[in-house]
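J.: Let me see the structure of the following:
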Amino acid sequence: MKRARRGGHRKKKSSQFWKTGGDKLWKPGWKINTPSGGAASAIAIAFMALLIVLGFTSCAGIDSAERTELARTYFNLGNAYFEMGRWAESEQAFARSLELDPDFHRAAFNRARVLIKLDRTSTAVTVLEALLREDPENITVMELLAWALVEEGRPTRAQNLYRAILKEDPGNCNVRYNLALFEKERGDWEELYELLIYCADAGQAGREMLFLLFQAERELGRGSGFYWLSMIETGEIESLQDITRIVGDPSSLPEEEFERFEELLEKHGLDYSESSVEESEATAPSRPSEDSEEQSQEE
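T.: Modelled structure (predicted):
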């Protein structure tokens, strides 16, 4: 049967397990534009450290231009340490950069990122709130602050920030996705559907969004939801477990839905049997508890 298309979709990376389920929140990207690879980072650190030792053995008596240059050197050093995953040294370098130039907002923002990595979320929130006071409409700062507030256990304020972002940037589908997860926790499938249908119609719904739309359509009694699963790009469903965690026990599906399920498996090169379903359920990882702070290691 021919189905109307709502547009393509792009793959979207997600990040942290939501605390009461298996869904993952999207978080702002952590990449900093510095040389890639451990060797390049090590060279950068060695070079910049040499500059610091040889050129700036003391800050006493240096003029404003020299302080600015030294602040940039520490900033670059912090970036290089960040690339190597050396969070403590990175935070110290950014902090030193800010001592030399308190108005260096990029250093403050990157320091906040590292503080979150170090589980010093409360300090990160303070840093980001100060930045937001300087630039109240900075969406990048708002996104990271909202993420930090979630990490700190303040979801209400995080949601308020996310909604403030949508007023300025209604097409921000990463923010819509995070808000949809909050609505799922509340059981407000109507609001979840409205948040995500915008992204689906714009061709920006990735796999996890389409999974949520499948669930919402069924919860709202608007259809089987299999249309949304059919929109997932070939290869993005890698195992039977990826589907059964959303669909449930395939053997309990009505005949027409079971046929759609089989079409989905064929599209992704997967086989179905009751024994394989049982095996996939037996090997499925347990869902994190409400107190879980597990994070994805993807950057």
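
J.: Any regions of the chain where pLDDT drops low?
T.: For the chain, the stretches with pLDDT under 70 are 1-61, 274-299.

J.: May I see the buried residues of the longest helix anywhere in it?
T.: For the chain, the helix with the greatest residue count under DSSP state H is helix 64-83. Within helix 64-83, the residues that count as buried by 16 or more other CB atoms under 10 Å are 69-83. (Glycine included, C-beta is placed from N, CA and C.)

J.: ok, now stretch 161-177?
T.: 161-162, 164-166, 172-177.

J.: I would like the residues contacting it, please.
T.: Contacts with stretch 161-177, where a contact means CB atoms under 8 Å, 6 or more residues apart in numbering, come from 12, 14, 26, 137, 139, 142-143, 145-146, 149, 178-179, 195-196, 198-199, 202, 204-205, 208-209.

J.: Restricting to C-alpha, output that stretch in CSV.
T.: Presented in CSV, the C-alpha positions along stretch 161-177 are these (Å, rounded to 0.1, in the frame of the first residue of the first chain):
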residue,chain,number,x,y,z
LEU,A,161,14.8,27.4,29.4
TYR,A,162,14.1,24.9,26.6
ARG,A,163,10.7,26.6,26.0
ALA,A,164,12.4,30.0,26.0
ILE,A,165,14.7,28.7,23.4
LEU,A,166,11.8,27.5,21.2
LYS,A,167,10.3,31.0,21.3
GLU,A,168,13.5,32.3,19.7
ASP,A,169,14.3,29.2,17.6
PRO,A,170,11.1,27.2,16.9
GLY,A,171,12.9,24.9,14.5
ASN,A,172,15.4,23.6,17.1
CYS,A,173,14.6,19.9,17.0
ASN,A,174,17.2,18.9,19.6
VAL,A,175,15.4,21.1,22.1
ARG,A,176,12.0,19.8,21.0
TYR,A,177,13.3,16.2,21.5
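
J.: Tell me where the protein has strands.
T.: 16-17, 24-25 (DSSP state E).

J.: circling back: can you tell me which of the buried residues of stretch 161-177 lies closest to Q215?
T.: Closest to Q215 out of those is Y177 (13.7 Å), distances taken as CB to CB.

J.: where's that closest one relative to T156, distance?
T.: Going from Y177 to T156 by CB to CB, to the nearest Å gives 18 Å.

J.: quick one on the thing from earlier: packing partners of the longest helix of the chain?
T.: helix 38-55, helix 87-100, helix 105-117 (3 or more CB pairs under 8 Å, 6 or more residues apart in numbering; DSSP states H and E).

J.: Could you chop the protein up by domain?
T.: With domains defined by automatic domain parsing, the chain comprises 30-118, 170-228, 233-282.
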